[in-house]
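K.L.:
The sequence isn't on hand, but the structure is:
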């Protein structure tokens, strides 16, 4: 069961814990999970997150209630470990994405042809292959939850 997306430090992540996380009776966590949860909270609350400590904690799974997406973004060096740099990094990454999308996708002759209902100009490299690839991507994108 997936929880709705949630914005943490300006970055959108779904708020879900580890798959198959064991819990006691309804609403009660096992004591071991509770200790682990507190250790995650302490590690993530630091001004600069200790990546080694976070990796050791995450090795056996991220407990429910801890933002798994944020943990993995830090472990993969996508999200800065220093709290004050996270918002600026998000803005920079969104700007880079927007620029790449505009330069690589929006300016593509195949994209322009599809959106205008035209055929690709003669002499362009494999127009049919690019157009059919873009059509397939447009069919597949709604199926993915990004």
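P.N.:
On my side now, so go ahead. Keep in mind that this is a model prediction, so the values were computed, not measured.
K.L.:
contacts, neighbours, all on C-alpha from now
P.N.:
OK.
K.L.:
Moving C-terminal from whichever strand or helix holds residue 73, which element do we reach first?
P.N.:
Here residue 73, judged by DSSP states H and E, is contained in helix 68-75. Next along the chain after helix 68-75, taking DSSP H and E as the criterion, comes helix 83-100.
K.L.:
Just confirm residue 50 contacts residue 43, I think it does.
P.N.:
Yes: look at residue 50 against residue 43 with Cα atoms under 8 Å: they come within range, at 6.9 Å.
K.L.:
so where does residue 130 fall, helix or strand?
P.N.:
If you go by DSSP H and E, residue 130 is part of helix 127-140.
K.L.:
For that helix, which helices and strands make contact with it?
P.N.:
For helix 127-140, the elements it packs on are helix 109-116, judged by 3 or more Cα pairs under 8 Å, 6 or more residues apart in numbering; DSSP states H and E.
K.L.:
on that earlier part again, buried sites along the helix holding residue 73?
P.N.:
For helix 68-75, burial by neighbour count (16 or more other Cα atoms under 10 Å) applies to 68, 69, 70, 71, 72, 74, 75.
K.L.:
What pLDDT does the model give the second one?
P.N.:
Taken from the predicted model, the pLDDT recorded for residue 69 is 92.
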